[in-house]
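got a predicted model here, sequence first, then my questions.
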Amino acid sequence: MPVLVAHQLERSLGTGDSRVKALRGVSLSIEPGRTYAIAGHSGSGKSTLLYLLGLLDLPDAGTLSIQGSATHDLDDAARTALRNEHMGFVFQFHFLLKEFTALENVMLPMRKLGRLNVDSMRDKAAGLLAAVGLADKAARLGNQLSGGEQQRVAIARALANDPALILADEPTGNLDQANADRVFSLLQEIAHTRGQALLMVSHNPELAKRCDQVFHMKDGLLLP
Ligand SMILES: Nc1ncnc2c1ncn2[C@@H]1O[C@H](COP(=O)(O)OP(=O)(O)OP(=O)(O)O)[C@@H](O)[C@H]1O
Ligand SMILES: [Mg+2]
């Protein structure tokens, strides 16, 4: 069963004369254990699509199902619960809680899900931070980390609840080549060995090429 199926998603943004049809009918299917890249020029609708797929925004038309369940008639609370259980999101502009430590930021989704005791959450968060190369920075506050370090904390946080689907908007955008390779390899390994799926917006053609499938986006549509 696909992790996600989207059918003819449409979305307009803005108001009045500046209203833009950002998505004009996007359909795609995401299978477990596979990695997908979305490529396309700035303004082509990549982030808009990711927000819809991540249940952070609602389409004007079209349907979306996650793990076989339709999402259109869910209320906000149910959408949030579905997102927290099945999805990990890495934003283009990562939103860490600056007054919390790196470790606490990674523990946050686990606290929301409430399935582990605090010691297990802490161990798991420490393991994820080690996996992104930040074992020694777990106790740093968010605002005491560099942009690239914050981005890696955001990636560890996205993996916290072993999501069926990882949605990532330029997850390696702030990273140097070595860290970009390392982070991508981690995400790829997680997808291929644990059956989780990765859908990643990337302007980095080398990384996009390493994905199992690349979607090309232009003017709010996926190219065939
Ligand atoms: N809040 C908004 N209000 C009005 N228009 C918006 C808004 N957000 C995005 N848009 C417009 O919608 C279109 C798609 O934007 P989107 O952010 O999805 O592009 P993108 O492909 O992610 O670009 P980038 O590569 O620069 O991140 C663009 O024309 C953009 O100007
Ligand atoms: Mg974008």
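Sure, I can see it. Ligands and ions are numbered 1, 2, ... in the order given.

hmm, Arg220 is touching Lys46, no?
Check again: residue 220 is Gly, not Arg. No: when contacts are counted by C-beta atoms under 8 Å, Gly220 is not listed as touching Lys46 (10.1 Å). Every C-beta, even on glycine, is put in place using the N, C-alpha and C of the backbone.

what packs against the helix or strand that contains Ala81?
According to DSSP states H and E, Ala81 maps onto helix 76-86. Contacts defined by 3 or more C-beta pairs under 8 Å, 6 or more residues apart in numbering; DSSP states H and E place helix 76-86 against helix 102-113.

doesn't Phe184 make contact with Arg210?
Yes: Arg210 sits in contact with Phe184 when judged by C-beta under 8 Å, with a separation of 6.7 Å.

name the residue in the two with the higher neighbour count.
When neighbours are counted by other C-beta atoms under 10 Å, Arg210 and Phe184 differ, and Phe184 comes out ahead with 25 against 16.

what residues are up against the more buried one?
For Phe184, the contacting residues are Pro171, Thr172, Leu207, Arg210, by C-beta atoms under 8 Å, 6 or more residues apart in numbering.

can you put these in a markdown table and add pLDDT?
Formatted as a markdown table, the contacts of Phe184 follow (pLDDT from 0 to 100):
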| residue | pLDDT |
| --- | --- |
| Pro171 | 89 |
| Thr172 | 88 |
| Leu207 | 91 |
| Arg210 | 95 |
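
could those residues be laid out in a markdown table, adding distance to ligand 1 and secondary structure?
Output for the contacts of Phe184, formatted as a markdown table (distance: C-beta to the nearest ligand atom, whole Å; DSSP: H, G, I helix; E, B strand; the rest coil):
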| residue | distance to ligand 1 | secondary structure |
| --- | --- | --- |
| Pro171 | 13 | coil |
| Thr172 | 14 | coil |
| Leu207 | 15 | helix |
| Arg210 | 19 | coil |
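
most neighbours, which of those?
Neighbour max across those (other C-beta under 10 Å) = Pro171, 28 neighbours.

ligand 1 contacts on the protein?
Within the chain, the positions near ligand 1 by C-beta under 6 Å from any ligand atom are 13-14, 20, 22, 40, 42-48, 92.

identify the farthest-apart pair in those residues.
Greatest spatial distance in the residues of the chain next to ligand 1: Gly14 and Gly40, 19.1 Å, computed using C-beta to C-beta.

more neighbours: those two, which one.
Gly40 (20 against 10).

and the pLDDT for the more buried one?
On the pLDDT scale, Gly40 is placed at 96.

ok, Pro32 next?
In this model, Pro32 is scored at 97, pLDDT.

still on that earlier bit, could you give the mean pLDDT of the helix or strand following the helix holding Ala81?
Going down the chain from helix 76-86, the next helix or strand is strand 87-90, by DSSP H and E. Taken as a whole, strand 87-90 has an average pLDDT of 93.
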